[in-house]
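Undergrad: Sequence below, structure please.
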Amino acid sequence: MTHKLKKEGKFNYIEVGTGQPIIILHGLMGGLSNFDAVTSYFSTKGYKIIIPELPVYTMSLLKTNVKAFANYLHEFIDFKGLEDVILLGNSLGGHIGLYHTKLYPEKVKALVITGSSGLYESAMGSGYTKRSDYEVIKKKAQDVFYDPEVATKEIVDEVYETVNDRNKLIKTLAIAKSAIRHNMAKDLPKMQTPTCIIWGKNDTVTPPEVADEFNSLLPDSELFWIDKCGHAAMMEHPEIFNEILYAWLKKREF
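TA: Okay, the predicted model is just below:
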């Protein structure tokens with residue numbers, strides 16, 4: 001990770017650049033460094049990029065759920081004194097962004113979701129019965145991407161460590177259940193926030209039909225596809241991802 005982590009009160013976060021705030025929300029096993037390319041690009045284009053560390057594994061088990069994380073995000077936005085933020089979330093991060101926007105629409109100027117949960121969660125928290133087998137976990141990590149080479153040894157090691165830590169595994173499974181419980185199909189049609197949906201055409205975690213469904217349910221959304229791309233578009237095709245998002249933000253005058 002090239003950007004320094006700040007610690008203030010109970011919050012740890014990265015903050016780079018000045019201007020319109022974009023808050024980036026990482027996924028369940030997604031490190032903050034997954035967004036290095038997004039951070040480097042947008043922090044030079046008139047945006048302040050802020051990436052809080054979400055308390056995925058540090059909340060009490062009772063609070064390990066999508067709603068509690070959305071409220072944590074709300075506390076963080078208040079702590080930073082921010083208004084009219086743009087939320088950008090991948091996977092679980094997208095779900096947290098959506099749920100936060102449902103609860104606090106007045107705080108959010110726009111949403112960007114990529115490979116987001118919230119409608120379809122079958123792949124979250126499943127398949128850890130052979131978690132002690134490094135090769136099985138490696139294959140699972142590679143399957144997230146269209147190009148398995150994107151799953152570096154560092155990424156595989158991090159996933160392996162997470163699923164073999166009993167406390168983290170219990171919380172991973174709790175989050176997976178919470179994601180199913182907090183399905184947003186009924187909420188999305190009421191959400192007027194402008195939303196940019198960027199999706200990998202080869203995403204096997206949240207397949208393309210999930211993106212189509214988000215696009216049809218959200219009143220003010222646009223859907224953009226990236227070819228030869230899996231679940232984490234901002235990692236696998238960072239330049240295309242950044243170009244799509246920047247063009248959308250400019251068009252909407254954000």
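Undergrad: need the contact list for residue 39.
TA: Residues near residue 39 by CB atoms under 8 Å, 6 or more residues apart in numbering: 3, 14, 16, 24, 49, 51. For every residue, glycine as well, the C-beta is placed using N, CA and C.
Undergrad: wait, which of these is closest to residue 189?
TA: The closest of these to residue 189 turns out to be residue 24 (CB to CB; 26.0 Å).
Undergrad: a helix runs through the closest one, doesn't it?
TA: No: under DSSP: H, G, I helix; E, B strand; the rest coil, residue 24 falls outside any helix and is assigned strand.
Undergrad: For it, the count of nearby residues, please.
TA: 26 (other CB atoms under 10 Å).
Undergrad: Repeat that for residue 211.
TA: Counted with other CB under 10 Å, residue 211 comes out at 25.
Undergrad: What of the one 4 residues further on?
TA: Taking other CB under 10 Å as the neighbour definition, residue 215 ends up with a count of 16.
Undergrad: and it, which of the three is it?
TA: Classified using three-state DSSP, residue 215 is helix.
Undergrad: so what's it up against?
TA: 197, 221, 222, 223 are the contacts of residue 215 under CB under 8 Å, 6+ apart.
Undergrad: likewise residue 157?
TA: So residue 157 contacts nothing (CB under 8 Å, 6+ apart).
Undergrad: That one and residue 31, how far apart?
TA: 11 Å (CB to CB, to the nearest Å).
Undergrad: ok, back up a step: closest one of the contacts of residue 215 to residue 103?
TA: Checking the contacts of residue 215 one by one against residue 103 (CB to CB), the nearest turns out to be residue 221, at 18.9 Å.
Undergrad: re earlier: which one (most neighbours) among the contacts of residue 215?
TA: Counting neighbours by other CB under 10 Å, residue 197 leads the contacts of residue 215 with 23 neighbours.
Undergrad: Run through the bridge partners of that one.
TA: residue 113, residue 223 (DSSP bridges).
Undergrad: thinking it is in contact with residue 211, fair?
TA: Yes: look at residue 197 against residue 211 with CB atoms under 8 Å: they come within range, at 5.6 Å.
Undergrad: what do those two both touch?
TA: residue 223.
Undergrad: who touches residue 87 in this structure?
TA: Counted by CB under 8 Å, 6+ apart, residue 87 has contacts 22, 23, 25, 97, 100, 101, 108, 110, 111, 112.
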